[in-house]
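A.B. asks: Below are the sequence and a predicted model for it; my questions follow.
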Amino acid sequence: MGIPDEDVARVRSATDLVALIGEQTALKRVGRRFVGLCPFHAEKTPSFSVNAEEGLYYCFGCQASGDAISFVRQTQGVDFVEAVERLAGRAGITIRLEGGAQADKDRGRRRQLLDALGKAAVFYHERLLSHQDAGRARQYLRSRGYDGGTVRRFQLGYAPSGFDELVRALKLPGPVLRAAGIAFENQRGRLQDAFRDRVMFPIFDAGGQAIAFGGRILPEDLRAGDYEPGPKYRNSPESAVYQKRRTLYGLNWAKADIAKTDEVVVCEGYTDVIGFHLAGVERAVATCGTALTEDHFGLLAHFAKRVVLAFDADAAGQAAAARLYQWEKRHEIELAVAELPSGADPGELASRAPESLRQAVEGARPFLGFRVESALSVRDLRSPEGRSRAAEAALEAIAEHPNEIVRDQYLSYVADRTQVAPERLRELLRATPRSEASPNRATTDQAPSSSQGDENQPTRRAPRRDGASRRNDDERAGIDALVVAMERRDATAELFDELLFSDPVQRSAFRVLVASPSLSAAIENADPDASDLLRRLAVSPVPDDLDPEGTYLALVRATATRALRELDAEGRVAERDGKSDGVIAVLTANTWLRKELEALHDPLVRPGATAEEMDTARRLVAWLAERQREAG
């Protein structure tokens, strides 16, 4: 399923990128650009810049870059089509989905479900805040340490005990309510509320749209007397908008803190997430009734490079260690474990010992380090038998790791703790079977990531030293010329020639810029280095008195001056080799070139160019082109 290119272009052009990004970070106009603190990494000095005219952003700190679509994808963890649809909804644009009538039907169905779930979330929340029958629910939440601010922040709600109060309040078609998982048809054929007499935890996607619910029964002494509530937690079934293995509760609230710290804390349940937030660890999320899957890892990789597990990771690790290591490497995530107090509930710790939660996250250990330490800590290391059992258990954990160097590092640590010779442990390690995770298995806990191989997925590029950061005259002139070419495309073909760019990255950027119908197209068509350069220049400050002709003179001067240095070197070689004809030819060209250069003023002294100077510059460019042809 795809979206026609013309519809994508309409959405891009209709989106106010400054307003969109301004919802995540404050932007201030500086000249023709907008700058602010980067929403993708923690910083104190603004390095994030937005070009509102071209609809592009770039961070000079972490190299995050892109347009409105990539911004939505990076901040909301959605795919390309979903990002375009959300932006289209903001702009009031109707887009077409390639795939015919079925695609349109699926999209319409999805919108109906989201609308129903959003209205249900509002209904439950308002019921909790204002209705008398929700007093028991409010009493329970106060006992958990939740005040009104917490209830509103997480949009908690209450499902009344009545038979069909939500159904009657929403007045939506039965098939929509059933598909959304908030109603069902009972044995009498009547539509009935799926959640009754429960505290409701709405589950939102990364963009803040309600997609499901978790409902918790009230303690026995607070329940409605005429209703049998069933299991402690009742969760929404999977639907067209809700898949457990791709959903993380709390990501919509956590993503701001995740961006600041480049770290996410994964815990087990709704109240654990709220507890971490109340303790000041606002980067906490939770799986929704399922184990961690590779889809979760792929989603988390869009937001952070460090994942801290804050649940019984040792038990989970026994069954899935090989897969976790595989996902850790594939998605370039650093996996760590926060060691919580034994038997602790983060939701309860938040009210009585919030500092312990913060310390557990700050002291999180690498996943293998946690497993090794767990194996050693439960054995008696005072006896030879205990040390032997501890070493064997630790080796079983070490054997799961795919990196030989990492395995050997932990082996040395175990040798020190258990007083067993490293050589003996290496022999035992070689004999210990490793549990390999087959890349071809397709299970709930090992599903291929939806982001793999996605050419539209925005990425963060590592800092690179290139023509934009080297400040010699040649490359500075090239940078200025590229800015003119971007801002005054009408002057580009008339003035500049790619032979004037000495830096290969700048030359490549200029070539694709001239050949492309727009800056966005040039960025998309350029090679990675040239694309990165164009992205940065697109958001760099532009002088109000942009001077195309003065920039042209500066570029010609720089290129001709470089040619003059080359001529001097050629003359020395010819003189050394005794080639008198060569010496004479070089001297003649040298004399002419110096005279022509003297006719060009320094653009730093005064802007612009006279007609005579422009003629001189054109003669120099023709000479440079002929020299290049002769050189082959």
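C.D. replies: Nice, I can see it.

A.B. asks: Show the average pLDDT along the helix or strand containing Ala121.
C.D. replies: Ala121 is located in helix 101-130, with elements delineated by DSSP states H and E. Throughout helix 101-130, pLDDT has a mean value of 87.

A.B. asks: Can you point out the buried residues in stretch 377-396?
C.D. replies: Residues of stretch 377-396 classed as buried by neighbour count (16 or more other Cβ atoms under 10 Å): Arg379, Arg387, Arg389, Ala390, Ala391, Glu392, Ala393, Ala394, Leu395, Glu396. In this view, the C-beta of every residue, glycine as well, is placed from N, C-alpha and C.

A.B. asks: cool, stretch 409-425 as well?
C.D. replies: In stretch 409-425, counting by 16+ other Cβ under 10 Å, buried: Tyr410, Leu411, Tyr413, Val414, Ala415, Arg417, Thr418, Val420, Leu425.

A.B. asks: The stretch 201-350 of the chain: strands as residue ranges?
C.D. replies: For the stretch 201-350 of the chain, the strands defined by DSSP state E, counting those that start in this stretch occupy 210-217, 233-235, 248-249, 263-267, 284-287, 306-309, 334-337.

A.B. asks: would you list those in CSV and tack on distance to Gly92?
C.D. replies: As requested, those are arranged in CSV below (distance: least, Cβ to Cβ, whole Å):
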stretch, distance to Gly92
strand 210-217, 22
strand 233-235, 34
strand 248-249, 30
strand 263-267, 34
strand 284-287, 32
strand 306-309, 38
strand 334-337, 42
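
A.B. asks: need those in a markdown table with mean neighbour count, can you?
C.D. replies: A markdown table is the format used below for the strands of the stretch 201-350 of the chain (neighbours: other Cβ atoms under 10 Å):
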| stretch | mean neighbour count |
| --- | --- |
| strand 210-217 | 23 |
| strand 233-235 | 17 |
| strand 248-249 | 26 |
| strand 263-267 | 26 |
| strand 284-287 | 26 |
| strand 306-309 | 23 |
| strand 334-337 | 22 |
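
A.B. asks: a markdown table for those, including mean pLDDT and distance to His125?
C.D. replies: Below are those laid out as a markdown table (pLDDT from 0 to 100; distance: least, Cβ to Cβ, whole Å):
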| stretch | mean pLDDT | distance to His125 |
| --- | --- | --- |
| strand 210-217 | 94 | 10 |
| strand 233-235 | 89 | 18 |
| strand 248-249 | 94 | 16 |
| strand 263-267 | 92 | 23 |
| strand 284-287 | 94 | 20 |
| strand 306-309 | 92 | 30 |
| strand 334-337 | 90 | 35 |
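
A.B. asks: hmm, back to that, could you identify the most distant pair in the buried residues of stretch 409-425?
C.D. replies: Comparing all pairs in the buried residues of stretch 409-425 by Cβ to Cβ, the longest separation belongs to Tyr410 and Val420, at 13.3 Å.

A.B. asks: my guess is Trp327 meets Glu294, correct?
C.D. replies: Yes: here Trp327 lies in contact with Glu294, judged by Cβ atoms under 8 Å, at a distance of 5.2 Å.

A.B. asks: thinking again about what came up before, which is the next helix or strand following the helix holding Ala121?
C.D. replies: helix 135-143.

A.B. asks: I'd like the distance from the helix holding Ala121 to the chain centre, please.
C.D. replies: In this view, helix 101-130 has its centroid 27 Å away from the chain centroid, taken as Cα atoms, centre = their mean, to the nearest Å.

A.B. asks: So for Gln24, which of the strands of the stretch 201-350 of the chain sits nearest?
C.D. replies: strand 263-267 (16.6 Å).

A.B. asks: so where do the strands sit in the stretch 351-500 of the chain?
C.D. replies: All strands of the stretch 351-500 of the chain, identified by DSSP E, counting those that start in this stretch, fall at 365-366.

A.B. asks: All the helices of it, residue numbers only.
C.D. replies: Counting by DSSP state H, counting those that start in this stretch, the stretch 351-500 of the chain has helices at residues 354-362, 367-377, 384-399, 404-418, 422-431, 473-487, 489-495.

A.B. asks: can you put the ones you listed in JSON lines and add distance to Leu156 and mean pLDDT?
C.D. replies: Output for these, formatted as JSON lines (distance: least, Cβ to Cβ, whole Å; pLDDT from 0 to 100):
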{"stretch": "helix 354-362", "distance to Leu156": "20", "mean pLDDT": "89"}
{"stretch": "helix 367-377", "distance to Leu156": "33", "mean pLDDT": "86"}
{"stretch": "helix 384-399", "distance to Leu156": "39", "mean pLDDT": "88"}
{"stretch": "helix 404-418", "distance to Leu156": "43", "mean pLDDT": "90"}
{"stretch": "helix 422-431", "distance to Leu156": "50", "mean pLDDT": "87"}
{"stretch": "helix 473-487", "distance to Leu156": "50", "mean pLDDT": "80"}
{"stretch": "helix 489-495", "distance to Leu156": "54", "mean pLDDT": "64"}
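
A.B. asks: Let's have these in JSON lines, adding distance to Phe123.
C.D. replies: Below are the helices of the stretch 351-500 of the chain laid out as JSON lines (distance: least, Cβ to Cβ, whole Å):
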{"stretch": "helix 354-362", "distance to Phe123": "32"}
{"stretch": "helix 367-377", "distance to Phe123": "42"}
{"stretch": "helix 384-399", "distance to Phe123": "48"}
{"stretch": "helix 404-418", "distance to Phe123": "51"}
{"stretch": "helix 422-431", "distance to Phe123": "58"}
{"stretch": "helix 473-487", "distance to Phe123": "51"}
{"stretch": "helix 489-495", "distance to Phe123": "53"}
